[in-house]
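> here is the input, now give the coordinates:
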Amino acid sequence: MGKDVLVADLVVIDFHSKHLTPEIQAWKENAAVPFAASCSRQIWYGTPEDFKDFPYPANKDAVKTLNGAEAYSALLRVISGFESNRLGETHVKSQFYEGWRCFNDEYPDKAESYQRLVGMLNEDVNFIRNDIASAFKYQRHEISARDLSGQAKGDKLLVIGSVGKGGIVSAFTEGIIRVSENRQKNRDNFLTVTTPEPEALEILKEQLLQMKRAGKLSTNIEVADFSEIGRQMDESDRVYVDVPMGSAPEAEAQIVNAWRDRIRDDNTLTHMRGDPHNRALSTPLWADAGLDHYFSPEDIRHDMAERGRNNRIVLENADRAFDMCGQLRLEGRKPKNCITQSADLSLTVKEAQPRPDAEPA
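Next comes the predicted model:
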């Protein structure tokens, strides 16, 4: 067993899989370095000694070579999934760990030298995800609606859904059911669905049942006749409306009046669909109704915009944190003990404290 591979010793080779020549493939099999590989990307890491005879392709610029702190930061980005379009996407992360498992199985003695490095990577990724990026909020219409409503585990829900063209359950109806299931994990029979049109109600009932049988939905959903809207509103903690504003004026008036007439005053009503002919904004019926405990489509849009602004700061912070981690690990310091985040999300690094046994400068 050799010495531990630490940040100062680290080299990362990163290139597109189309540049994986037979010479590079043969080199890899002989060099025995850990890797994360996919159909589009190759990421290999090791020491300068490992890569001293790496057979670069004719276009050497096609291969990115990183060293030290920069190499460590690059691996953190790969493992975190922050480079993906969807934050925390696990595909690249799973490729890294699958590559590490294969390397560990085939070359256990050499892998022993990387155990400490991989342990540091795990620790720092968890720190960035849980501490630095914990303020990230997924920018999705149904999630904004759910969170604005105040939905909590244990709530009873009513979804006034709709069926779109072709007799397919509306994407928002399905979406609010899915994100609500995530919030209500390990609970059942907490959700009731209805819709104004009897024919659409039958379609909704059949399609939701099919989704349940196919495993796309996990909870048992009660389907109620729209005539019961008043009772259902009083029994529900959270009500979501997915009937496009202006599409069914009589039914919409029933919903507005049922909400006004309810006995409870601690539940919430959230409308997810504005007027499709007016930039998805509220119609006068809803805008002028003066409903209490009500969240409008404009509220959802505003919340999503706020999430977007917040998320840009969070991702910029995460990117800075990756570089900070690389430099701190190079200095032999633990990022979790050194990086602090203030209330405005700005990041600072604590100054290094001199060791007690250090000689005065």
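
> strands along the chain, start to end?
Remark: strands assigned in the chain by DSSP state E are 11-16, 35-37, 41-46, 63-67, 157-160, 191-194, 221-223, 238-241, 268-271, 294-295, 339-341, 347-349.

> JSON lines for those, including mean pLDDT?
Output for those, formatted as JSON lines (pLDDT from 0 to 100):
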{"stretch": "strand 11-16", "mean pLDDT": "94"}
{"stretch": "strand 35-37", "mean pLDDT": "84"}
{"stretch": "strand 41-46", "mean pLDDT": "92"}
{"stretch": "strand 63-67", "mean pLDDT": "95"}
{"stretch": "strand 157-160", "mean pLDDT": "98"}
{"stretch": "strand 191-194", "mean pLDDT": "96"}
{"stretch": "strand 221-223", "mean pLDDT": "94"}
{"stretch": "strand 238-241", "mean pLDDT": "98"}
{"stretch": "strand 268-271", "mean pLDDT": "98"}
{"stretch": "strand 294-295", "mean pLDDT": "98"}
{"stretch": "strand 339-341", "mean pLDDT": "93"}
{"stretch": "strand 347-349", "mean pLDDT": "93"}
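
> which non-adjacent residue is nearest D234?
R262 (5.0 Å; Cβ to Cβ, 6 or more residues apart in numbering). Any C-beta I mention is one placed from the backbone N, CA and C, and that applies to glycine too.

> hmm, S236 and the one you found touching each other?
No: under the criterion of Cβ atoms under 8 Å, R262 is not in contact with S236, lying 9.4 Å apart.

> convert the C-alpha atoms of stretch 299-316 to PDB, please.
Extracted in PDB, the C-alpha atoms of stretch 299-316 (Å, rounded to 0.1, in the frame of the first residue of the first chain):
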ATOM      1  CA  ASP A 299     -48.900  34.700  -6.100                       C
ATOM      2  CA  ILE A 300     -47.600  31.500  -7.500                       C
ATOM      3  CA  ARG A 301     -45.800  33.300 -10.300                       C
ATOM      4  CA  HIS A 302     -44.300  35.800  -7.900                       C
ATOM      5  CA  ASP A 303     -43.100  33.000  -5.600                       C
ATOM      6  CA  MET A 304     -41.500  31.200  -8.600                       C
ATOM      7  CA  ALA A 305     -39.700  34.400  -9.600                       C
ATOM      8  CA  GLU A 306     -38.400  34.800  -6.000                       C
ATOM      9  CA  ARG A 307     -37.200  31.200  -6.100                       C
ATOM     10  CA  GLY A 308     -35.300  31.900  -9.300                       C
ATOM     11  CA  ARG A 309     -33.600  34.900  -7.800                       C
ATOM     12  CA  ASN A 310     -32.800  33.000  -4.600                       C
ATOM     13  CA  ASN A 311     -31.500  29.900  -6.500                       C
ATOM     14  CA  ARG A 312     -29.100  31.900  -8.600                       C
ATOM     15  CA  ILE A 313     -27.500  33.200  -5.400                       C
ATOM     16  CA  VAL A 314     -27.500  29.700  -3.900                       C
ATOM     17  CA  LEU A 315     -25.800  28.100  -7.000                       C
ATOM     18  CA  GLU A 316     -23.300  30.900  -7.200                       C
END
